[in-house]
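*Asks:* fold the following.
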Amino acid sequence: MSRTARTSDLMWLRLFRRFDGQSATLQGQLRDMLVHAVMEGFLAPGAALPASRVLAEALKLSRTTVTLALQALADKGLVESRARSGYFVAGSHKSVLSGARQGAEQDPLANVVGWTDRLQLHPTTQRNIAKPPDWQQQPYPFIYGQFDASLFPFRDWRACTLESLQARSVRQWATDHIDRDDDALVDQIHRRLLPARGIWADRDEILVTNGAQQATFLLSMLLIGEKTRVGMEDPGYPDARNTFALRTRHVQALPVDADGLVLGAAVSRCDYVYVTPSHQCPTTVTMPLERRQQLLAMARRDDFVVIEDDHESELNFSGQPTAALKSLDNAQRVIYMGSLSKTLAHGLRLGYLVAPAALVRELRALRRLVMRHVATNNQQVAASFIAHGHHEAYVRRLNLAYRERSRAVHDALRQHAPTLSPVTARGGSAVWVTGPVALDARALAAALYRSGVVVEPGDVFYATARQHRNQLRIGYSSIATERIDAGIRMLAAALAPC
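*Replies:* Have a look, this model is predicted:
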């Protein structure tokens with residue numbers, strides 16, 4: 001008997017023993033086991049069941065017992081017999097499973113632990129951005145900040161990946177780095193990415209993260225307690241707001257205007273203020289230099305720390321990017337978060353954080369408890385990609401494409417949907433739009449999706465639910481320029497009855 005067969009036999013035997021004593025007969029015990037296997041997805045519709053001889057040997061049962069159990073399930077429609085092929089899970093067996101679930105209350109396995117009562121947090125109850133899983137198959141994907149295969153430099157990325165597979169490179173990244181980052185990537189962040197934003201930092205002030213998302217989570221775990229007051233732009237990035245809300249109930253919604261975060265009295269009462277000054281999420285507006293300097297002056301005067309999420313700083317196609325807050329900071333009041341995922345690919349999950357060395361040491365120790373370090377093979381490929389100049393060339397290509405697409409979206413909105421008011425931005429990868437007061441953007445998005453047009457309702461970006469239902473975000477990072485006009489015309493047609 002092969003090793004695979006022995007492993008499979010052991011699986012069935014252990015599963016069978018879990019149902020010991022739940023039926024008066026071995027045949028009933030086997031039936032319960034097979035129903036459970038289908039309910040839990042161990043056996044998918046159309047999957048072949050083990051032959052009666054194999055099951056009989058694995059479970060130490062007579063072949064007659066196994067055959068009768070299988071036939072009983074076939075009579076109920078859960079499995080089907082195929083001539084000279086054996087038994088297979090039926091393609092449609094909802095009624096059988098429904099009956100099985102109704103009896104689950106008598107199944108001791110279904111009530112071993114009351115997990116809901118044990119949970120200390122309930123992240124599933126939070127409001128999050130939702131993207132259709134099949135958005136890439138839709139003809140008009142106005143989805144925000146996602147990967148566009150037509151623009152990505154596959155050949156350059158493949159060459160860097162092959163470099164990382166050479167024996168010398170593999171020896172460098174294949175070992176356990178414990179809590180260290182790849183030296184080559186840290187070097188590229190230190191010498192190229194940060195200086196391009198006007199930031200000069202020491203190497204021990206840099207931490208590589210699984211995207212800005214992990215950076216936010218680590219900071220939240222380390223710096224935020226039950227009474228900590230955290231200021232969030234409103235509208236703002238939902239994932240950051242939700243991360244902070246898991247740690248404190250004192251997440252303060254701070255208003256945003258045409259220049260970004262409004263510097264009112266509420267800002268001064270915060271311990272930390274999270275901002276997206278380069279291209280505010282989601283309105284895309286850029287905070288001017290004067291307001292950035294005012295924010296830093298307030299941070300020094302009122303003793304709070306600014307968390308700068310510079311998520312789309314490189315996507316700037318209307319002029320020179322405004323200096324990062326971190327580049328203006330001379331009092332260590334700014335924690336800076338950058339991302340390679342926004343420009344390269346979201347699935348890469350590579351970001352970095354810049355903060356005082358003492359804080360980075362603690363963050364590094366905390367990250368080790370979560371995941372030790374970011375995958376070093378990915379770090380090495382990204383480092384090569386930057387070092388060879390591919391990243392800089394790719395960003396230039398993105399900005400050219402995004403400038404064209406942004407212009408196409410604004411032109412189409414002006415021509416086909418004049419009741420929608422878009423925000424004019426200096427860069428980024430989306431247009432923030434406000435419609436008539438009566439517009440329900442969530443209902444509009446649902447109707448458009450049925451026609452292959454994907455847009456994002458804007459209400460999820462606000463701290464309070466059921467407000468600002470007339471706003472939406474139209475992304476253009478993943479849709480070809482020539483498809484934009486037709487997609488906006490379909491949006492306008494769906495908008496007409498509103």
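*Asks:* surely V433 is within a strand?
*Replies:* Yes - checked against DSSP: H, G, I helix; E, B strand; the rest coil, V433 lies within a strand.
*Asks:* model confidence for it, exactly?
*Replies:* On the pLDDT scale, V433 is placed at 96.
*Asks:* what average pLDDT does stretch 233-250 get?
*Replies:* pLDDT averaged over stretch 233-250 gives 96.
*Asks:* let me fix that: stretch 151-159
*Replies:* On average, stretch 151-159 scores 91.
*Asks:* quick one: stretch 34-42 to chain centroid distance?
*Replies:* Computed by C-alpha atoms, centre = their mean, to the nearest Å, the separation of stretch 34-42 from the middle of its chain amounts to 30 Å.
*Asks:* tell me which residues of that stretch are tucked away?
*Replies:* 34-38 (16 or more other C-beta atoms under 10 Å). (C-beta placed from N, C-alpha, C; glycine too.)
*Asks:* now do stretch 59-66
*Replies:* 59, 61, 65-66.
*Asks:* likewise stretch 302-311?
*Replies:* 304-311.
*Asks:* ok, stretch 351-362 next?
*Replies:* Buried, per 16+ other C-beta under 10 Å, within stretch 351-362: 351-355, 359-360.
*Asks:* any idea which of those residues is the one closest to Y449?
*Replies:* Closest approach to Y449 among the buried residues of stretch 351-362 (C-beta to C-beta): G351, at 29.8 Å.
*Asks:* that closest one touches L340, doesn't it?
*Replies:* Yes - contact criterion C-beta atoms under 8 Å: G351 and L340 qualify, at 6.5 Å.
*Asks:* about what we covered before: what is the most widely separated pair among the buried residues of stretch 59-66?
*Replies:* L59 and T65 (8.8 Å).
*Asks:* report the contact partners of A215.
*Replies:* Going by C-beta atoms under 8 Å, 6 or more residues apart in numbering, A215 touches 207, 209, 337, 351-353.
*Asks:* swap in 7 Å and give it another go.
*Replies:* 209, 337, 351, 353 (C-beta atoms under 7 Å, 6 or more residues apart in numbering).
*Asks:* rewinding a little: what about the buried residues of stretch 59-66, which are in strands?
*Replies:* Under the assignment DSSP state E, the buried residues of stretch 59-66 contribute nothing to strands.
*Asks:* surely L472 is in a helix?
*Replies:* No - according to three-state DSSP, L472 belongs to no helix; its state is strand.
*Asks:* H410 sits in which helix or strand?
*Replies:* Here H410, judged by DSSP states H and E, is contained in helix 390-416.
*Asks:* pLDDT wise, what is G198 at?
*Replies:* 90.
*Asks:* and it, how far from P288?
*Replies:* With distances taken as C-beta to C-beta, to the nearest Å, G198 is found 15 Å from P288.
*Asks:* got it, and A408?
*Replies:* Separation of A408 from P288 (C-beta to C-beta): 27 Å.
*Asks:* which of these two has more neighbours?
*Replies:* Remark: of A408 and P288, A408 carries more neighbours, 20 against 14, as counted by other C-beta atoms under 10 Å.
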